[in-house]
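S.K.: I'll drop the sequence and a predicted model, then ask my questions.
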Amino acid sequence: QVQLVESGGGLVQAGGSLRLSCKASGRISSIGVMAWYRQAPGKQRTLVASITSSGSLYYVDSVKGRFTISRDNDKKTASLQMNSLKPEDTAVYYCNVDRATGSRGPLYNIWGQGTQVTVSS
């Protein structure tokens with residue numbers, strides 16, 4: 001079984017920084033795209049940033065220049081460095097893996113439990 005565990009959320013003032021981390025656990029031989037999503041109260045969950053196993057990046061326009069996604073394939077981790085945070089960045093942030101290959105074959109669309117990020121004005 002593959003699990004994703006996030007950490008690093010918290011409360012920060014506008015203009016501050018936070019770093020989120022996501023670690024995949026289980027008997028995993030490979031991981032596809034790792035991504036961060038967020039969901040604000042009363043809104044749909046949306047993609048914030050993603051990174052492929054080869055390092056190709058995607059950012060939603062609203063975070064470009066402020067957020068940086070990275071991953072360590074050997075450690076099976078992904079991080080999201082968030083700088084110049086704004087109140088509108090407040091949300092629960094979720095780590096997602098589109099595909100993870102384990103001892104029993106591939107698993108798809110795996111989610112972490114989420115971590116709260118609150119940015120005060």
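M.R.: Ah, there it is.
S.K.: from memory residue 50 sits against residue 57, does it?
M.R.: Yes: contact criterion C-beta atoms under 8 Å: residue 50 and residue 57 qualify, at 7.3 Å. Any C-beta I mention is one placed from the backbone N, CA and C, and that applies to glycine too.
S.K.: okay, and the common contacts of the two?
M.R.: With contacts defined as C-beta atoms under 8 Å, 6 or more residues apart in numbering, the residues adjacent to both residue 50 and residue 57 are residue 69.
S.K.: what residue ranges in this structure are flagged as low confidence?
M.R.: Counting by pLDDT under 70, the chain shows no low-confidence range.
S.K.: before we move on, back to that, neighbour count winner among residue 50 and residue 57?
M.R.: When neighbours are counted by other C-beta atoms under 10 Å, residue 50 and residue 57 differ, and residue 50 comes out ahead with 20 against 11.
S.K.: Tell me the strands beside the helix or strand that the more buried one is a member of, with direction?
M.R.: Residue 50 is part of strand 46-51, with elements assigned from DSSP states H and E. Each strand paired with strand 46-51, and its direction, by DSSP bridges: strand 34-39 (antiparallel), strand 57-59 (antiparallel).
S.K.: what residue lies at the spatial centre of this structure?
M.R.: What sits nearest the mean C-alpha location of the chain, by C-alpha atoms, centre = their mean, is residue 36, with 2.8 Å.
S.K.: pretty sure it is touching residue 69, no?
M.R.: Yes: in this structure residue 36 lies within contact range of residue 69 using C-beta under 8 Å: 6.5 Å.
S.K.: Which neighbours do these two have in common?
M.R.: With contacts taken as C-beta under 8 Å, 6+ apart, residue 36 and residue 69 have 49-50, 78, 80 as neighbours in common.
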